[in-house]
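Participant: from the sequence below, what's the structure:
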Amino acid sequence: MGAYVTAHPPLASSLPYGFGSPVTGSPAGEMKWSNRASRAGNRIACRYALPAALPVGGGNNDAPMLFQGIAQGRANGQPDSSLVANIVNGHTVELSKGVHQSDSFASGSTFREGTNSGGEMPETLIDNVSDTALWVASYRAQESAREDALFRDHLADRLAGTKGLQIANRVQSRTYTAWAVVIRTCIVDAYIYSLITNGVDTVLNLGAGLDTRPYRLEVPASLHWIEVDYPAIVELKNNRLRNESPRCRLDRVALDLSDRTKRAEFLARISAGSSKALVITEGVLLYLKTAEVASLADDLRKYDSFRFWIVDFYAGAMIRLLRVGVHFRPELKNSPIQFFPHDWFDFFQQYGWEAREKRLYAEESRRLGRAIPVSSLVRVLRPLLPSKWKDGLGSLVGYALLERNVRET
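Facilitator: Presented below is the predicted three-dimensional model:
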C-alpha cells in the first residue's frame, strides 16, 4: 500500500479521451485519426437518434451552421450516421492541425486535448506517485490567481514549483483536470466545515500531499490536524512552509502506511487523543489495490473515535471506463490505478462504513457557477444528447462522506 498521496489528479484524466494522438503534419497520422473519428461518429449516431427538427437559424456560434449542414445532408439523402461521422471527422482533422488544442473534452466524447509542439509528455515526467502532488498544487495555484477564484491558496504556487507547472502544462486533458481539481477541493472544504461545526476535533489527512487547508481554511485553533505522507513529501513541505503559521495545531508525520504494524500503532495513538475524528483520503484510494483499501477500511473501523471518512466516489460506469483508460496514459505508469470495486458503496459497507452523503462534480459545478469545460465539438453536439449524458463524466465522479456504522460489532 505504498501510494498515499492525496494530490493525485481526478481520474477522469486517465480515460482514453483520444483515439490516439494526432500526428501534426502527417497525412498517415491524420488518416488514422480520421478513420477512428468516423467510427466514433457512427457509434454516436447509432446510439442517439438526431432530432427530426433542428435549430438552424440565428445565433453567432457554430451550432446553427452545423445544424444547417445536417438538414442539407438529409435533403441529399445522407443517413444521420454518416452526417455525425463527418462532423466528428472534420473536428478531428482540425485538432490534428492544432486548431482546437486549447479545448478540452468532458462530456462523454473520446477526444482528448492536443499536446504542445513538443509532442506527448515524456513518460519520465512523473517519476513517482509523489510527483502528482506537485501537479495538483499547480492547478490550485492557477485557480487562486483567477479573479473569480472559488478559493485562495496563496501557498500552492510555492509548493508546486517549476516541475508542477511543467506537468500541468503538458498532460492530456489538462483543462478538464484543472476544473476537476477545483471542484473536488470545494467539495472537501465544504465537508470539513460542516463536520467541524458538528463537533469534529481531529482531522487525519492520509496522503496529504501538498494540501494547505490548515493554513487557508478558517478553522478553530483548538482543532488538531494531522498530515501523513511519505518522508520526501513531508520534507519538501516542511522546507517550503517553514516560515508559515497554520491556523490550528498541525502535526506532519512521515510514515509509509503500507507497513501495517506501524500503521496500527499510529492509528491507535491518534484515536486515543481524539473523541470525534475525520479521516481524509483525497485522490488516494484508486491507486491502492483492493486488498489494501479493505485493510485500511478495516483498521480505521476498529477505533471508535474515527467517525467520518471523506473518499473519492466513482460510479460503476466510471470504474469500467477506468479499467480501459489506464492503458492509454503511459505517463502515469509509475502511479497506476489499481482499485476497481464492483460497487463503490457496497465495498465500504462490508467494512462498516455507510455512505452519509455524496456530491457529484456536475452538481457542484452548477451550484458553484463553474461549468464543465468542453470542446467546441461538444458544445455543438450537446443539445442532441439525452439529458442524462449532458453532464458527461461529471455525473459519474464525485466525493462521498462515509460514517462509521456504530451498529456493527
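Participant: ok, which stretches of this structure are strands?
Facilitator: Under the criterion DSSP state E, the chain carries strands at the ranges 202-206, 224-229, 249-254, 277-281, 306-314, 353-360, 397-404.
Participant: can I get those strands in a markdown table with mean pLDDT?
Facilitator: Conversion of the strands of the chain to a markdown table gives the following (pLDDT from 0 to 100):
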| stretch | mean pLDDT |
| --- | --- |
| strand 202-206 | 98 |
| strand 224-229 | 97 |
| strand 249-254 | 98 |
| strand 277-281 | 98 |
| strand 306-314 | 96 |
| strand 353-360 | 96 |
| strand 397-404 | 96 |
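Participant: would you turn the ones you listed into CSV with distance to residue 149 and mean neighbour count?
Facilitator: Every residue, glycine included, has its C-beta placed from N, CA and C. As requested, the strands of the chain are exported to CSV (distance: least, C-beta to C-beta, whole Å; neighbours: other C-beta atoms under 10 Å):
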stretch, distance to residue 149, mean neighbour count
strand 202-206, 22, 25
strand 224-229, 23, 24
strand 249-254, 24, 16
strand 277-281, 22, 24
strand 306-314, 22, 23
strand 353-360, 20, 17
strand 397-404, 20, 22
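Participant: redo these as CSV? Include distance to residue 293.
Facilitator: CSV is the format used below for these (distance: least, C-beta to C-beta, whole Å):
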stretch, distance to residue 293
strand 202-206, 12
strand 224-229, 16
strand 249-254, 20
strand 277-281, 9
strand 306-314, 9
strand 353-360, 11
strand 397-404, 12
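Participant: among the ones you listed, which is nearest residue 166?
Facilitator: Relative to residue 166, the nearest member of these by C-beta to C-beta is strand 224-229, separated by 21.4 Å.
Participant: what lines up beside the closest one in the sheet?
Facilitator: Sheet neighbours of strand 224-229, with direction, are listed as strand 202-206 (parallel), strand 249-254 (parallel) (DSSP bridges).
Participant: could you check the angle that strand makes with strand 277-281?
Facilitator: 30 degrees (axes from the mean of the first three to the mean of the last three C-alpha atoms, to 10 degrees).
Participant: hmm, who's touching strand 224-229?
Facilitator: 4-6, 130, 201-209, 211, 213-214, 219, 234, 237, 246, 248-255, 257, 266, 270, 273-274 (C-beta atoms under 8 Å, 6 or more residues apart in numbering).
Participant: give me the beta-bridge partners of the closest residue to residue 353 other than its chain neighbours?
Facilitator: Ranked by C-beta to C-beta, 6 or more residues apart in numbering and with sequence neighbours excluded, the top spatial neighbour of residue 353 is residue 402, at 4.3 Å. On the basis of DSSP bridges, residue 402 is bridged to residue 309, residue 355.
Participant: got a list of what residue 402 touches?
Facilitator: Counting by C-beta under 8 Å, 6+ apart, residue 402 makes contact with 308-311, 348, 353-356.
Participant: for those residues, which one is nearest residue 141?
Facilitator: Set against residue 141, the nearest of the contacts of residue 402 by C-beta to C-beta is residue 310 (22.5 Å).
Participant: residue contacts, the residue nearest to the closest one when sequence neighbours are not counted?
Facilitator: Spatial nearest neighbour of residue 310, excluding adjacent residues (C-beta to C-beta, 6+ apart): residue 280 at 4.8 Å. By C-beta under 8 Å, 6+ apart, residue 280 lies in contact with 6, 188, 192, 203-206, 208, 309-310.
Participant: wait, which of these is closest to residue 294?
Facilitator: Scanning the contacts of residue 280 for proximity to residue 294, where the rule is C-beta to C-beta, the winner is residue 309, at 13.7 Å.
Participant: these two touch, right, that closest one and residue 282?
Facilitator: No. Residue 309 sits out of contact with residue 282 when judged by C-beta atoms under 8 Å, with a separation of 11.0 Å.
Participant: got the angle for the lengthiest helix in the chain vs strand 397-404?
Facilitator: As assigned by DSSP state H, the longest helix anywhere in the chain is helix 174-197. Angle, helix 174-197 to strand 397-404, by the same axes, to 10 degrees: 20 degrees.
Participant: would you indicate which residues of helix 174-197 are buried?
Facilitator: By 16 or more other C-beta atoms under 10 Å, the buried positions in helix 174-197 come out as 174-188, 190-192, 195-196.
Participant: cool, and stretch 282-289?
Facilitator: Applying 16+ other C-beta under 10 Å to stretch 282-289 flags 282-288 as buried.
Participant: which of the residues you listed sits closest to residue 163?
Facilitator: Taking C-beta to C-beta as the measure, residue 283 is the one of the buried residues of stretch 282-289 closest to residue 163, at 18.1 Å.
Participant: just read off the phi/psi values of the closest one.
Facilitator: Phi and psi for residue 283, reported as degrees, to the nearest 10, are phi 70, psi 30.
Participant: can you verify my assumption that it contacts residue 312?
Facilitator: Yes. Between residue 283 and residue 312 there is a contact under C-beta under 8 Å: 6.3 Å.
Participant: shared neighbours of these two, anything?
Facilitator: Contacts common to residue 283 and residue 312, judged by C-beta under 8 Å, 6+ apart, are residue 184.
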